[in-house]
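Asks: no FASTA, just this:
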DNA sequence: GTCTATAAGCCGATAGAC
DNA sequence: GTCTATCGGCTTATAGAC
């Protein structure tokens, strides 16, 4: 019994899984705030409150940690887009536009520094096969697939093409706002996205113009 | 006379201005190929065929060199967009689309690694006031102003807004293609740009739908 | 699984000769 | 203006004790 308790307490204070995740959280914070190559493994270990040797027990290399950083970012980021869309009201173009408006509010936070996936691919552009870049590409593809499904369910023609156009505006907004620090561009991107959705809709509805 | 010649020859072989520019060229090549923080000042000096001490005679710091790298990139990059547009044929939406098609051909070159301005802003996202980022923002603004002028000359309504939407698609294409290495996205961006230009045109011509 | 200590080398920037 | 030589510090990663 006593033995059971001490083991249980030991697991509560510093079980391996929790240590690993605290390292990823520390890495995520620093990588996003300062950039991959700017952040040293020492700094990550310090932020996590462990030593470098412990970090290298849980991760093979710094590259491994970069991949884990983006893997952790994938699901929450994707879920946020879905939630923003689900909470939006009005016709489809307006609901798509809402995603960009919500993103603009995010970008106005002082700690916002762009899209972690895009920034990582920019910083590691000389390593096209890096695991982290593959994770980033898969993340964007996931969002694109989800949008394509939404458009297809609405009966729009060429839903895949439209989804790609929206992704281009979304990532363009990330890049442009990071460069000039004017979140207003995100709302402009939302307007463009709504226009494209309307154009795709009207192509399906012969009640419109000449066609 | 003899003196004049030797001075002239000395200027031809290693005048200060030429040394400075060879350093910038070396920095530009390495920064674009491998990223800012990945490239050491030693490597730039080696590439330029001079010593590090000479480099620091011509430039105050590495940051100074990063700014010079993007300053050198501004004019040729802008002129290329203008030339692509000037060489394009057909109605306005098609001519705008051509810019993206030409860019896609660029992106298919094996040494292509995205937009130097955007990649620099991504890598230096923790230093928002960095001179290089201001140069990048000014460059994009220049392209936007040029596009706005083109749209205004064509008599389109809200030319500034449309120019921003095109810039968003352009930079989105840079970011997306860098991430997933599929230049086909650039042509998709061109299609979206043409659609937006057409939408802006039809808003001016009451010969269209209900409005 | 976590620690202390250290390897082996690269970093940006500078001193001082010529 | 360009050189050789070097400073002090930081880098990723590892050795070996506990």
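Replies: Cool, got the structure. Keep in mind it's a predicted model, so treat the numbers as computed, not measured.

Asks: mind checking if stretch A:108-121 is in reach of chain B?
Replies: Yes. Contact of stretch A:108-121 with chain B (C-beta under 8 Å from any C-beta of the partner chain) involves A:113, A:114, A:117, A:118, A:119, A:121. Using the backbone N, CA and C atoms, a C-beta is placed for each residue, glycine as well.

Asks: tell me where chain A has helices.
Replies: Along chain A, the stretches classed as helices by DSSP state H are A:2-13, A:16-34, A:41-48, A:52-58, A:62-87, A:92-107, A:116-123, A:131-153, A:159-180, A:184-204.

Asks: those helices into a markdown table, with extra columns for mean neighbour count, mean pLDDT and distance to DNA strand D?
Replies: Shown next, in a markdown table, are these (neighbours: other C-beta atoms under 10 Å in any protein chain shown; pLDDT from 0 to 100; distance: least, C-beta to the nearest atom of the strand, whole Å):
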| stretch | mean neighbour count | mean pLDDT | distance to DNA strand D |
| --- | --- | --- | --- |
| helix A:2-13 | 9 | 37 | 14 |
| helix A:16-34 | 17 | 95 | 10 |
| helix A:41-48 | 17 | 97 | 4 |
| helix A:52-58 | 15 | 97 | 4 |
| helix A:62-87 | 16 | 98 | 4 |
| helix A:92-107 | 19 | 98 | 28 |
| helix A:116-123 | 26 | 98 | 13 |
| helix A:131-153 | 18 | 98 | 13 |
| helix A:159-180 | 25 | 99 | 23 |
| helix A:184-204 | 21 | 95 | 32 |
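
Asks: centroid-nearest residue for chain A?
Replies: Central residue of chain A (C-alpha atoms, centre = their mean): residue A:77, 4.3 Å from the mean position.

Asks: distance of that residue relative to residue B:182?
Replies: 21 Å (C-beta to C-beta, to the nearest Å).

Asks: do the same with residue A:132
Replies: 18 Å.

Asks: among the helices of chain A, which is nearest residue B:55?
Replies: When those are ranked by proximity to residue B:55, the top entry is helix A:116-123, at 23.7 Å, counting by C-beta to C-beta.

Asks: and that closest one, is it in reach of DNA strand C?
Replies: No. Helix A:116-123 lies out of reach of DNA strand C by C-beta under 7 Å from any atom of the strand, never closer than 14.7 Å.

Asks: so residue A:92 touches residue A:197, yeah?
Replies: Yes. Between residue A:92 and residue A:197 a contact is recorded at 5.8 Å, counting by C-beta atoms under 8 Å.

Asks: and the residue of chain A nearest chain B?
Replies: Closest to chain B within chain A is residue A:172: 2.6 Å, counting by C-beta to the nearest C-beta.

Asks: from memory that residue sits against residue B:177, does it?
Replies: No. Between residue A:172 and residue B:177 there is no contact under C-beta under 8 Å: 11.6 Å.

Asks: the residue nearest to the centre of chain A: what's it in contact with?
Replies: Listed by C-beta atoms under 8 Å, 6 or more residues apart in numbering or on different chains, the contact set of residue A:77 reads A:117, A:139.

Asks: for it, give its distance to residue A:102.
Replies: 13 Å.

Asks: could you do residue A:128 as well?
Replies: Distance, residue A:128 to residue A:102, using C-beta to C-beta: 32 Å.

Asks: ok, now residue A:148?
Replies: Distance, residue A:148 to residue A:102, using C-beta to C-beta: 20 Å.

Asks: now swap in residue A:66 and tell me
Replies: According to C-beta to C-beta, residue A:66 and residue A:102 sit 28 Å apart.

Asks: over to residue A:88?
Replies: Distance from residue A:88 to residue A:102, by C-beta to C-beta: 8 Å.

Asks: backbone dihedrals for the residue in chain A that DNA strand D sits nearest to, please?
Replies: In chain A, the residue that lies nearest DNA strand D is residue A:40 (3.1 Å; C-beta to the nearest atom of the strand). Phi and psi for residue A:40, reported as degrees, to the nearest 10, are phi -90, psi 160.

Asks: circling back to that earlier point, spit out the contact partners of the closest residue to the residue of chain A closest to chain B other than its chain neighbours.
Replies: The shortest distance from residue A:172 to any residue other than its chain neighbours is 2.6 Å, reached at residue B:172 (C-beta to C-beta, 6 or more residues apart in numbering or on different chains). Contacts of residue B:172 were listed using C-beta under 8 Å, 6+ apart, and they are A:167, A:168, A:169, A:170, A:171, A:172, A:173, A:175, B:189.

Asks: any idea how far residue A:165 is from residue B:172?
Replies: In terms of C-beta to C-beta, residue B:172 sits 9 Å off from residue A:165.

Asks: what touches both of the two?
Replies: Contacts common to residue B:172 and residue A:165, judged by C-beta under 8 Å, 6+ apart, are residue B:189.

Asks: where's the nearest residue to residue A:84 once chain neighbours are set aside relative to residue A:120, distance?
Replies: Excluding the flanking residues, the one nearest residue A:84 by C-beta to C-beta, 6+ apart is residue A:102, at 4.4 Å. Using C-beta to C-beta, one gets 23 Å for the distance from residue A:102 to residue A:120.

Asks: same question, residue A:77
Replies: 13 Å.

Asks: again, but for residue A:160
Replies: The gap separating residue A:160 from residue A:120 is 26 Å, by C-beta to C-beta.

Asks: one more: residue A:135?
Replies: Taking C-beta to C-beta, one finds residue A:135 at 9 Å from residue A:120.
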